[in-house]
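J.: how would this look folded up:
(one chain, ligands or ions: 1)
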Amino acid sequence: MAASCIKVISPWRLFRFVRASQVFRIPGVQLHTTGALMGASVEDFNNAKAQLGTLKKDPGNHVKLKIYALFKQATQGPCNTPKPGMLDFVNKAKWDAWKSLESVSQEEARQQYVDLIKSLVSAEGPAVATPPPESAQAFQSLLVTTEDGITTIRFNRPEKKNAITLDMYKELIDALHHAGKDDSVITVMTGSGDFYCSGNDLNNFTGIPQGGIEKMAKDSGELLKHYVKAYIDFPKPLIAVVNGPALGVSVTVLGLFDVVYATESATFHTPFSQLGQSPEGCSSYTFPKIMGNAKASEMLLFNKKVTATEACNLGLVTEVFPDGSFQSEVWTRLKAYAKLPPKSLALSKQLIRSKEKEKLHAVNDAEVERLIERWLSDECMQAIMNFFQAKPKL
Ligand SMILES: CCCCC/C=C/CC(=O)SCCNC(=O)CCNC(=O)[C@H](O)C(C)(C)COP(=O)(O)OP(=O)(O)OC[C@H]1O[C@@H](n2cnc3c(N)ncnc32)[C@H](O)[C@@H]1OP(=O)(O)O
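T.: Residues are numbered from 1 along each chain as shown. Below is the predicted model of the structure:
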């Protein structure tokens, strides 16, 4: 693989966008075609390759796939390698993309590659260095700030609906550990953009790493266990400000929060059986306890998506606010909470939660064990493949 052309692209996982007959069209990117299809020199091509490494924004899987295919076509000509197997999602997607360019000459591919990179670079505008606020901690996919006694951990991948990557789980664990020890009084989790969080990033399960899928499942299980543990053990009041739809693991852990405020248009969806998976985040214990077995089963077994008002009636959400005044009402309230005596708050939380901690850790262990099996099941693999191939909306 032409690693030099894709060094900014990580993870290089591109499945859902490729259908055999797909024509590449890149929304939001104005291609600056020169019109001279044979015009790009090798030097232009190499410069473009180097510029690719300077891109700051992830151009999205669709564009990355296009870049890959053009690079291969430009440097090696038409694809004549054997087609990867159905389950080798990544390589199959790349193979399909390259193959789809077989009628494009190498010179033309070189020109298109140069034009595409130029367009991406100019779409980013001039580089402006904006120093982070003093209280901000540096994370790739989170915005973490401390202000007015409140540490706010914000999922920050709005272009992917704040889906949680493997690195992001690690960042969240780190951020929670810091927040538990810093001098803030309360900790708030919320999302950037129109979603709270779309749950686990389904790409987490598509690349097959060295060590095979068993190892991947086991490692993911360990990571998930630590992630959920960070919520179970969180020592201060933890408040979710659910600014939009929430899915999967971002919903299940809500049972471990102390207060959940939601905007009226937020929804709560745990589509586990639809994904061939099983509940996590201690929800197999907290949901029945909060809302009763029958309602919990509708959500956890039968994928029922509930509105903010329904979630409030079920007891999962503390209070719902109108979309228009959500942010101002909630933050006014949170700022008042953060003026309360910190030790009293932390100790009171511990009194409420400590009786359950042992139970919650046991539930977390059992859920993770079951999920490791599920991730290796045909049902789960098929469901993930369906998502990337057919793009069904949950
Ligand atoms: C350590 C491992 C622990 C594992 C723990 C297990 C947890 C279980 C779960 O969390 S289950 C829930 C998993 N989540 C999903 O199944 C959601 C899948 N996404 C969707 O159904 C839709 O994307 C949507 C309903 C969230 C949003 O639909 P909408 O039409 O509004 O937007 P797009 O689909 O165009 O999304 C914009 C881009 O974001 C990408 N994206 C969104 N969610 C995910 C996701 N969970 N995983 C991967 N990618 C996601 C989407 O692919 C679009 O990307 P693109 O712009 O490059 O096309």
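J.: Report the buried residues of whichever strand or helix holds residue 360.
T.: Remark: residue 360 resides in helix 342-375, with elements defined by DSSP states H and E. Within helix 342-375, the residues that qualify as buried by neighbour count (16 or more other C-beta atoms under 10 Å) are 342, 345-346, 349, 353, 356, 360-361, 363-364, 367-368, 370-372, 374-375. C-beta coordinates here come from the backbone N, C-alpha and C atoms, glycine included.
J.: ok, now stretch 278-292?
T.: Using 16+ other C-beta under 10 Å as the test for burial, stretch 278-292 gives 278-288, 290-291.
J.: gap between it and the chain center?
T.: For stretch 278-292, the distance between its averaged C-alpha position and the chain's averaged C-alpha position is 22 Å (C-alpha atoms, centre = their mean, to the nearest Å).
J.: what about dumping the CA coordinates of that stretch to PDB?
T.: Coordinates of each C-alpha in stretch 278-292 appear next as PDB, following Å, rounded to 0.1, in the frame of the first residue of the first chain:
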ATOM      1  CA  SER A 278     -25.700  -7.100  24.100                       C
ATOM      2  CA  PRO A 279     -26.000  -4.300  26.700                       C
ATOM      3  CA  GLU A 280     -23.000  -2.700  28.400                       C
ATOM      4  CA  GLY A 281     -22.400   0.300  30.700                       C
ATOM      5  CA  CYS A 282     -24.100  -1.600  33.500                       C
ATOM      6  CA  SER A 283     -27.400  -1.000  31.800                       C
ATOM      7  CA  SER A 284     -28.500  -4.600  32.200                       C
ATOM      8  CA  TYR A 285     -28.700  -3.700  35.900                       C
ATOM      9  CA  THR A 286     -29.300   0.000  36.000                       C
ATOM     10  CA  PHE A 287     -32.100   0.200  33.400                       C
ATOM     11  CA  PRO A 288     -34.400  -2.400  35.000                       C
ATOM     12  CA  LYS A 289     -33.700  -0.800  38.300                       C
ATOM     13  CA  ILE A 290     -34.600   2.700  37.000                       C
ATOM     14  CA  MET A 291     -37.500   1.800  34.800                       C
ATOM     15  CA  GLY A 292     -38.600  -1.700  35.500                       C
END
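J.: Quick check, residue 215 in contact with residue 209.
T.: Yes - with contact defined as C-beta atoms under 8 Å, residue 215 reaches residue 209; the gap is 6.9 Å.
J.: ok, these two, which is more surrounded?
T.: In this view residue 215 and residue 209 are compared by other C-beta atoms under 10 Å, and residue 215 has more residues nearby, 12 against 9.
J.: What sits closest to whatever residue of the chain ends up closest to the ligand if chain neighbours are left out?
T.: Evaluated by C-beta to the nearest ligand atom, the chain has residue 248 as its residue closest to the ligand, separated by 2.1 Å. Once its chain neighbours are removed from consideration, residue 248 has its nearest residue in residue 199; the separation is 2.5 Å (C-beta to C-beta, 6 or more residues apart in numbering).
J.: That neighbour: neighbour count?
T.: Taking other C-beta under 10 Å as the criterion, the count of residues near residue 199 is 25.
J.: who touches it in this structure?
T.: With contact taken as C-beta atoms under 8 Å, 6 or more residues apart in numbering, residue 199 is in contact with 163-164, 246-251.
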